[in-house]
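Enquirer: Pasting the sequence and the predicted coordinates here, then a few questions.
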Amino acid sequence: MRVLTFVTQKGGSGKTTLCVNLAVAAEQAKRRVLVLDMDPQGTAEAWYQDREAERPKLARVDAGELDQALGIARAQSFDLVLIDTPGRDEPSVAAAVRASDFCIVPCRPTPADMKAQPSTVATIRRLQKPMAFVLTQTPPRGFRIKEAQNGLSVLGPVAPVTIVTRSAFQDAQGGGLAIAEFEPEGKGADEIARLWKWTEKKMEKLADEPTQQKNIA
Ligand SMILES: Nc1ncnc2c1ncn2[C@@H]1O[C@H](COP(=O)(O)OP(=O)(O)OP(=O)(O)O)[C@@H](O)[C@H]1O
Ligand SMILES: [Mg+2]
């Protein structure tokens, strides 16, 4: 079982959006997926409540419940656990990072978002976990993307897939859907599919690597 955590102390950058969309992408790829919502705001849980499909499964947990929840997930043969964390420095953030095999750090291509990343990266580095930034809510093209990739690459690896600002992400979320269910042929669905493939490959590679050679932030 692999554990993938979405983390950044910058609020509103896209943790929950990536978490639920990648959860559905993994489920569509026939993985057994559990989402753990550790954010007291409960945004992922609200999405799940609006959802008709039962899968992926979702549960709310706090920092003290995480180990037990992961034990149950292992016993129930889940392949993948995705953890959505709050956009503030809370004990649940460190607990989630500590439990994870890989961390995704969403970041919008704005100076304010980029300035907020070093503290998140410091937490991940302290806990010696591999991570990658994913640029989110980007314009469809333009210099800002390249500039942000260059700026972030000083702090850590940047995923080769960027997620563009698309109202379909918001409309899907409002209806308890992933973008791949809301607009399967759209560009956003394609971005998420590519990000899921890249993430899964990355986690497979990490599992094969000896600990000291892992791509630590
Ligand atoms: N690619 C996108 N295109 C359009 N809207 C987006 C995109 N990604 C996220 N959003 C919207 O931006 C808002 C914040 O996104 P999200 O809730 O995923 O961020 P978050 O990091 O989980 O926030 P928080 O720190 O509050 O938990 C939401 O309204 C979401 O629908
Ligand atoms: Mg959130």
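Expert: All right, it came through fine. Residues are numbered from 1 along each chain as shown. Ligands and ions are numbered 1, 2, ... in the order given.
Enquirer: Ramachandran coordinates for the closest residue to Gly175 other than its chain neighbours?
Expert: Counting by Cβ to Cβ, 6 or more residues apart in numbering, Gly175 lies nearest to Asp50, which is 6.3 Å off, once chain neighbours are set aside. C-beta coordinates here come from the backbone N, C-alpha and C atoms, glycine included. When quoted as degrees, to the nearest 10, the phi and psi of Asp50 stand at phi -80, psi -10.
Enquirer: Look up how far ligand 2 lies from Asp50.
Expert: According to Cβ to the ion, to the nearest Å, Asp50 stands 15 Å off from ligand 2.
Enquirer: so what's that residue up against?
Expert: Residues near Asp50 by Cβ atoms under 8 Å, 6 or more residues apart in numbering: 174-176.
Enquirer: do the same with Cys107
Expert: Residues in contact with Cys107 (Cβ under 8 Å, 6+ apart) are 8, 10, 13, 113-114, 117, 133-136, 148, 152.
Enquirer: State the pLDDT value of whatever residue of the chain ends up closest to ligand 1.
Expert: The nearest approach of the chain to ligand 1 comes at Gly87, 2.4 Å away (Cβ to the nearest ligand atom). Here the pLDDT value assigned to Gly87 is 94.
Enquirer: so what's it closest to, chain neighbours aside?
Expert: Excluding the flanking residues, the one nearest Gly87 by Cβ to Cβ, 6+ apart is Gly11, at 3.5 Å.
Enquirer: State the phi and psi torsions of that neighbour.
Expert: Per degrees, to the nearest 10, the backbone of Gly11 is at phi -70, psi 150.
Enquirer: Determine if any part of the longest helix along the chain is in contact with ligand 1.
Expert: Identified as the longest helix of the chain according to DSSP state H is helix 187-208. No. Between helix 187-208 and ligand 1, judged by Cβ under 6 Å from any ligand atom, nothing touches; the nearest distance is 6.9 Å.
Enquirer: Centre of the chain to that helix, how far?
Expert: Using Cα atoms, centre = their mean, to the nearest Å, the distance from the centre of helix 187-208 to the centre of the chain it belongs to is 11 Å.
Enquirer: buried sites along it?
Expert: 188-189, 191-196, 199-200, 202-203, 206 (16 or more other Cβ atoms under 10 Å).
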